[in-house]
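Colleague: make a model of this:
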Amino acid sequence: MLRLFGILITVLFAIATAIVTWPQFFHLEQTFPITQVVASRGVLVIAFAAIVVLGLLLAPARPLRGFAASLIIVALIGGGASAAIGALRGLDPSALPEKTPTSVRVLAWNTAGEAVSAADIAKTVVTQKADIVALPETTESAGEDIALRLRAAGHPMWVHHVQFRPDVKRGPDSWQTTVLISPSLGDYSVIDSSADGTSNTGSVPSAVVMPVDGKGPTVVAVHTVAPRQDAMAGWAQDLRWVADQCPAGRNVILAGDFNATLDHMAGLGTDGGDMGACRDAASRSGSGGLGTWPSSVTSLVGAPIDHVMATAQWRATGSEVLPSGPGGSDHRALVTQLERIAR
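Modeller: Residues are numbered from 1 along each chain as shown. Predicted coordinates for the structure are as follows:
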């Protein structure tokens, strides 16, 4: 009886390991609570390592030896697979390459409202030589303050902004998203459907900013709702909306807080992309396995939910998850360097 029980537990553990290691095979990557469990490959590796230790502790007991060996084997496979996936997506914390005359640097940072000061944001933008800055949860007034500081530092940028429910005084900062774009990319404006919310993410706003002359990339500052249990449907709908912003043949750059890892995006890519035709820059340049949230833990065990993505007109030449800086944002900033591909 004890042996049969051990076999049953081992089989169930093996099934659970397969699901959390590659949930997209079972089409469970957007299902609660699998979504939350698979958000961090680093945490999965630690959990599997703990199970290996448990198996080693049980192994000396003769009646449990076979059961313990089975647990250890399955945990080693699961932990090894998760570690390999994280490594393939990139765990390189090295700095960005030198900026070239044709490259564009994109900074994505959920600043958690006033948790990060305008001065610190402006300093980061200048230090990183960013040309496009996506700032979910940054207010319009903060964006204007940042722009003034950037102009004083010799790094001018135009401010664009989207806000849900502007009629509500002192509404949450999560109802606002700010985008800064260098004048070197041309003149931009927020499209009407993004500004009035007729085509946007559902609970928190994204901003679609298009070049006035039609020559530069369309920039989408992304902010999707977090996948809480009561918001799973809205979160999945937000991800589909983001993917729709990247149709094949268009010149698009996505940047911001997707509240989703590459695992959660399975099935949303087209033409070799991860979200529509847009391709994740960090995973293609060596740092896609490093977590951006929460900033209170090491990036090796955090969840990589902030992204910069671009269509085939761009090639990612480098990316970096910045260390936790001043202020209290629960997100780390992600900086990516994109190079134009001649066509």
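
Colleague: now the helices: where do they sit in the chain?
Modeller: If DSSP state H is used as the criterion, the helices of the chain fall at 2-21, 34-37, 41-58, 65-89, 118-128, 140-152, 192-195, 232-244.

Colleague: just put those helices in a markdown table and tack on mean neighbour count.
Modeller: C-betas here are computed from N, CA, C, even on glycine. Shown next, in a markdown table, are these (neighbours: other C-beta atoms under 10 Å):
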| stretch | mean neighbour count |
| --- | --- |
| helix 2-21 | 14 |
| helix 34-37 | 18 |
| helix 41-58 | 18 |
| helix 65-89 | 18 |
| helix 118-128 | 19 |
| helix 140-152 | 18 |
| helix 192-195 | 16 |
| helix 232-244 | 19 |
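
Colleague: figure out which of those is closest to Thr298.
Modeller: When the helices of the chain are compared by C-beta to C-beta, helix 41-58 sits nearest Thr298, at 7.9 Å.

Colleague: possible to save the helices of the chain as a markdown table with distance to Pro323?
Modeller: Formatted as a markdown table, these follow (distance: least, C-beta to C-beta, whole Å):
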| stretch | distance to Pro323 |
| --- | --- |
| helix 2-21 | 29 |
| helix 34-37 | 25 |
| helix 41-58 | 16 |
| helix 65-89 | 19 |
| helix 118-128 | 11 |
| helix 140-152 | 20 |
| helix 192-195 | 32 |
| helix 232-244 | 27 |
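
Colleague: closest one to Ala266 among those helices?
Modeller: The nearest among those, by C-beta to C-beta, is helix 232-244 at 10.6 Å.

Colleague: and that closest one, how far out from the chain's middle?
Modeller: Here the centre of helix 232-244 is set off from its chain's centre by 14 Å, with C-alpha atoms, centre = their mean, to the nearest Å.

Colleague: and the closest residue in space to Ala83 that isn't next to it in sequence, what does it touch?
Modeller: Excluding the flanking residues, the one nearest Ala83 by C-beta to C-beta, 6 or more residues apart in numbering is Val45, at 5.0 Å. Val45 is in contact with 79, 82-83, 86, counting by C-beta atoms under 8 Å, 6 or more residues apart in numbering.

Colleague: the same query, at a cut-off of 6 Å, please.
Modeller: Contact analysis of Val45 by C-beta atoms under 6 Å, 6 or more residues apart in numbering lists 79, 82-83.

Colleague: nearest to Arg340, out of the helices of the chain?
Modeller: Closest among the helices of the chain, using C-beta to C-beta: helix 118-128, at 18.8 Å.

Colleague: and the closest one with helix 140-152, angle?
Modeller: Compare the direction of helix 118-128 with that of helix 140-152 by axes from the mean of the first three to the mean of the last three C-alpha atoms, to 10 degrees and you get 50 degrees.

Colleague: list the contacts of helix 118-128.
Modeller: By C-beta under 6 Å, 6+ apart, the residues outside helix 118-128 that reach it are 107, 133, 142, 145-146, 149-150, 153, 155, 326-327, 335.

Colleague: and what of stretch 267-287?
Modeller: With C-beta under 6 Å, 6+ apart as the test, stretch 267-287 has contacts from 89-90, 92, 242-243, 246, 248, 252, 254, 265, 288, 307-311, 316, 318-319, 321, 336.

Colleague: try 7 Å this time
Modeller: Identification of contacts with stretch 267-287 by C-beta atoms under 7 Å, 6 or more residues apart in numbering yields 24, 89-90, 92-93, 239-240, 242-248, 252, 254, 262, 265, 288, 307-312, 316-321, 334, 336, 338.

Colleague: picking up where we left off before, please convert the helices of the chain to JSON lines, extending it with distance to Thr178 and mean pLDDT.
Modeller: Formatted as JSON lines, the helices of the chain follow (distance: least, C-beta to C-beta, whole Å; pLDDT from 0 to 100):
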{"stretch": "helix 2-21", "distance to Thr178": "36", "mean pLDDT": "89"}
{"stretch": "helix 34-37", "distance to Thr178": "28", "mean pLDDT": "97"}
{"stretch": "helix 41-58", "distance to Thr178": "30", "mean pLDDT": "96"}
{"stretch": "helix 65-89", "distance to Thr178": "28", "mean pLDDT": "95"}
{"stretch": "helix 118-128", "distance to Thr178": "10", "mean pLDDT": "96"}
{"stretch": "helix 140-152", "distance to Thr178": "4", "mean pLDDT": "97"}
{"stretch": "helix 192-195", "distance to Thr178": "13", "mean pLDDT": "88"}
{"stretch": "helix 232-244", "distance to Thr178": "18", "mean pLDDT": "98"}
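
Colleague: good, wrapping up.
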